[in-house]
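A.B. asks: Quick one: sequence and predicted model below, then my questions.
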Amino acid sequence: MASGESARTLQDEGNVCPIPLVIRSAAEPALPQNIFRYIWTTSAMHQVALSLATGVIALLEFVPLELQRRIVNDVVKGRNFRFVIVLCTVYLAVILAQGGIKLVVNIYRAWVGERATRDLRRRIRTLIASSPQSSRSSQASGVEISMIVAEVEPLGAFAGAAIAEPLLQAGILVTVIAYLIHLEFWIAVAAIVIFTPQIVFVPWMQWAINRSTASRVSVLRAVSAEVLEPNERSGRIESMDTHIDRVFELNMKIFKLKFSMNFLMNLCSHLQIIAALLVGGWFVLTDRLAIGGVVAFISAIARLNNPWGDLVNYFRDMNSAQVKFRLVAHAVDRLRCQYGA
């Protein structure tokens, strides 16, 4: 084997293909199999900056809750409207600060994501440009088009949120739960108990969604290859129809699972509010809690479910992105094998 090259064996559906991995320039490294390794390699400093900014957002999350509680209590008990005006002004300032930071972070995340999308497309384009046209089969061309046009788009979008998003949502969850426990321990316990079933059914349903997503990508690639088939062959139309029907079935399965999961999560959310009203109402009647505390609890529960829903969406996107990235990496390996790159 030539100097600077090493052999690697790719096992793909029973076919063993030795691929010479040429040591390339820094602008064209081979894709890793793990999407997080790719993200960290290409945007480590940006991920650190995004994580620090989201930490500030999470820490500010409890301030509006406490201000709501104090405003309501001052109106009901203190009757000091001047102080209410001061608190509302502080509330507005905190919301503007938090919203401004979120705006900057969202734009920054979008930039990081688009940068990753551009990088992936350029890598695939470089591989295609370096290959002889005669060596490209219709199946390979279909895979190339699918990767450049569609498959890398969600991968780039995920790259912008890969690290900052779970840190933000987990930080908000921890902040809100700590505030609920500080405000009234037993209402917090009731809300958390009702929240717990989601930890059971969400991962199971997400796993089923991930399997269907991986199958869908593979079928769509087969459709792309058949569309670009240069020679008419017997049963081509029937095969395409079969694949299209399969995509329909997989999409419907994904929709049913996703919407069922959303229904169950919304049900748990409303049960938490009912628990807060029942327990909180009893504590108000027994003078163990002011009415502002109940208002803050209901608002906090909404803030508890929103980051949880965002975390669920994140893990859904993470698993889907990992599956798609692995498929793209394997497809790149197959193309390198076919083209002798």
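C.D. replies: Thanks, I have it. Numbering: from 1, shown residues only.

A.B. asks: Pull the contacting residues for residue 118.
C.D. replies: residue 156 (CB atoms under 8 Å, 6 or more residues apart in numbering). Quick note: C-beta positions are derived from backbone N, CA and C, even for glycine.

A.B. asks: Which helix or strand contains it?
C.D. replies: helix 81-129 (DSSP states H and E).

A.B. asks: so how far is that helix off the chain centroid?
C.D. replies: 15 Å (CA atoms, centre = their mean, to the nearest Å).

A.B. asks: Could you measure from residue 272 over to residue 279?
C.D. replies: 11 Å (CB to CB, to the nearest Å).

A.B. asks: Please read the previous query as pertaining to residue 215.
C.D. replies: 45 Å.

A.B. asks: For these two, indicate the residue with more neighbours.
C.D. replies: residue 279 (20 against 17; other CB atoms under 10 Å).

A.B. asks: residues contacting that one?
C.D. replies: 184, 186, 187, 190.

A.B. asks: Would you mind giving me the confidence score for the first one?
C.D. replies: In this model, residue 184 is scored at 79, pLDDT.

A.B. asks: Residue 31 belongs to a strand?
C.D. replies: No - read with DSSP: H, G, I helix; E, B strand; the rest coil, residue 31 is coil and lies in no strand.

A.B. asks: 42 is where my numbering starts, stick with that
C.D. replies: Okay, residue one is now 42; in that scheme the one you just asked about reads as residue 72.

A.B. asks: my read: it touches residue 82, true?
C.D. replies: No - contact criterion CB atoms under 8 Å: residue 72 and residue 82 do not qualify, at 10.1 Å.

A.B. asks: the more surrounded of those two?
C.D. replies: residue 72 (20 against 10).

A.B. asks: which residues does the closest residue to that one other than its chain neighbours contact?
C.D. replies: Excluding its sequence neighbours, the residue lying closest to residue 72 (CB to CB, 6 or more residues apart in numbering) is residue 370, at 4.3 Å. By CB under 8 Å, 6+ apart, the residues touching residue 370 are 72, 73, 74.

A.B. asks: I'd like to know which of those is nearest to residue 333.
C.D. replies: residue 73 (52.0 Å; CB to CB).

A.B. asks: Does that closest one touch residue 79 like I think?
C.D. replies: Yes - taking CB under 8 Å as the definition, residue 73 is a contact partner of residue 79 at 5.3 Å.

A.B. asks: the more surrounded of these two?
C.D. replies: More crowded of residue 73 and residue 79, by other CB under 10 Å: residue 79, with 21 against 15.

A.B. asks: ok, that one - contacts?
C.D. replies: Counting by CB under 8 Å, 6+ apart, residue 79 has contacts 72, 73, 200, 366.

A.B. asks: Just list the residues touching the first one, thanks.
C.D. replies: Which is residue 72. 79, 164, 366, 369, 370, 373.

A.B. asks: can you check the last one too?
C.D. replies: Neighbouring residues of residue 366 by CB under 8 Å, 6+ apart: 72, 75, 76, 79, 196.
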